[in-house]
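1. when you get a sec, could you give me coordinates for this:
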Amino acid sequence: MSVSGERLRHPLAERLSAGFEHRYGDGFVVTRPGGLVMPAEFLLDAQRVHDFPVRQDDVWLVTFPKSGTTWTQELVWLLMNDLDFETAKETCITKRFPYLEHVSLVPAAVRQGAPDSIRQAADQPAPRLVKSHLPPALLPRQLWTVKPKIIYVARSPKDAATSFYYHNCLIHGLKLSLDEFLECFLADCVQFTPYWTSVLEFWKLRNEPNILWNTYEEMKQDLGAVIRKTAAFLDKEVTEEQVRQLEQHLSFSSMRDNPATNYGGVVEASRQRLRLPPAPGGLSFMREGQVGASRRRMSPEMDRRFDQWIRDHVRGTDYSGPL
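-> Here you go, the predicted model:
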């Protein structure tokens with residue numbers, strides 16, 4: 001199956017593009033298959049992603065953006081690499097655990113010289129670790145025949161959307177207010193939306209033997225339990241002392257203070273490519289790491305709209321994941 005897309009035609013699409021200062025010069029598209037909103041540049045590499053050769057001993061991490069992805073990457077990498085904490089502190093997670101479609105999200109104007117993330121993912125020594133934010137229809141089609149281990153992490157859509165806003169401000173210099181961005185999010189005009197496409201499709205797959213369903217909220221509530229569950233899924237044994245070591249390394253303060261997981265150099269390099277000034281003080285890849293913080297950020301009216309939007313999308317399903 002070939003991947004294509006049609007231009008996103010929605011009144012809010014132009015507002016979002018203007019918020020990015022039209023860095024995505026060709027606008028946004030809705031993909032076929034998948035119905036995903038992405039920058040038009042994504043189509044340059046979408047087929048390479050879809051045709052990516054999968055190995056049985058791969059470990060894949062799939063999430064909607066800002067759903068505990070980096071947190072889980074660090075956990076999985078450590079479990080798969082004999083708890084090598086020193087390397088985890090010295091080498092950026094982007095090099096240890098490639099983000100498959102990242103190259104396709106770099107604006108065309110600054111793409112020259114950007115790392116080829118698809119090639120990086122393919123060239124890893126086995127067992128390869130691969131991250132993606134794509135829904136099932138756009139992921140490599142061999143995932144569904146080869147069936148390597150896949151970990152999916154879900155997060156409250158309010159918290160994920162709010163965190164995604166600050167991420168876009170940091171990485172891309174987005175010039176919209178939070179509520180303006182969230183309005184675009186609810187209208188499925190933001191990259192990687194519709195949110196529910198990914199979450200509900202993986203919810204249906206959660207009982208497959210090669211798929212593990214985790215949530216950001218579970219990790220915040222009982223990280224040790226998630227460490228044990230993930231280790232068992234990966235066929236790795238961990239002692240209680242090792243669980244305590246992992247809990248310390250994976251604490252929010254440790255992750256925030258670790259340049260290898262807080263993307264300090266990556267963020268500045270991205271802003272320099274886009275000719276943005278240094279990141280404002282207090283704005284970093286890892287901000288709060290709290291559950292429910294979005295309610296303090298969005299307006300009461302937007303909060304009510306989100307509640308209705310959530311009810312509309314889970315009605316008639318058996319979904320009991322984070323809301």
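2. the chain: strands as residue ranges?
-> Remark: strands assigned in the chain by DSSP state E are 4-7, 28-32, 37-39, 59-63, 129-132, 149-154, 211-215.
3. nearest to F164, out of those?
-> strand 59-63 (11.3 Å; C-beta to C-beta). Where C-beta positions appear, they are placed from N, C-alpha and C, glycine not excepted.
4. which residues sit against the closest one?
-> With contact meaning C-beta atoms under 8 Å, 6 or more residues apart in numbering, strand 59-63 is reached by 69, 72-73, 76, 80, 97, 127-134, 139, 143, 148-155, 198, 202, 234.
5. I'd like the strands of the chain laid out as CSV, including mean neighbour count and mean pLDDT.
-> Formatted as CSV, the strands of the chain follow (neighbours: other C-beta atoms under 10 Å; pLDDT from 0 to 100):
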stretch, mean neighbour count, mean pLDDT
strand 4-7, 13, 97
strand 28-32, 20, 97
strand 37-39, 24, 97
strand 59-63, 24, 98
strand 129-132, 24, 98
strand 149-154, 23, 98
strand 211-215, 19, 98
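6. relative to S117, which of those is closest?
-> strand 129-132 (9.4 Å).
7. the closest one - contacts with which helices or strands?
-> strand 59-63, helix 69-80 (3 or more C-beta pairs under 8 Å, 6 or more residues apart in numbering; DSSP states H and E).
8. quick one: the last one to strand 59-63, angle?
-> Regarding helix 69-80 and strand 59-63, their directions subtend 160 degrees when assessed with axes from the mean of the first three to the mean of the last three C-alpha atoms, to 10 degrees.
9. L134 contacts M38, correct?
-> No - L134 lies out of contact with M38 (C-beta atoms under 8 Å); the separation is 9.1 Å.
10. any chance of the strands of the chain in a markdown table, plus distance to Q191?
-> Listed next are the strands of the chain as a markdown table, based on distance: least, C-beta to C-beta, whole Å:
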| stretch | distance to Q191 |
| --- | --- |
| strand 4-7 | 12 |
| strand 28-32 | 7 |
| strand 37-39 | 6 |
| strand 59-63 | 14 |
| strand 129-132 | 14 |
| strand 149-154 | 18 |
| strand 211-215 | 22 |
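11. between those strands, which one is nearest to L105?
-> strand 37-39 (6.3 Å).
12. list the neighbouring strands of that closest one plus their orientation.
-> strand 28-32 (antiparallel) (DSSP bridges).
13. got a list of contacts for the strand it pairs with?
-> Contacts of strand 28-32 (C-beta under 8 Å, 6+ apart): 3-8, 13, 16-17, 36-40, 42-43, 46, 138, 189, 191.
14. how long is stretch 57-66 from one end to the other?
-> One end of stretch 57-66 to the other measures 26 Å (C-alpha to C-alpha, to the nearest Å).
15. whoops, stretch 314-323 was the one
-> For stretch 314-323, the end-to-end distance is 9 Å (C-alpha to C-alpha).
16. can you point out the buried residues in that stretch?
-> Within stretch 314-323, the residues that count as buried by 16 or more other C-beta atoms under 10 Å are V314, Y319, G321, P322.
17. so how far is W203 from the second one?
-> When you say that, I think you mean Y319. 5 Å (C-beta to C-beta, to the nearest Å).
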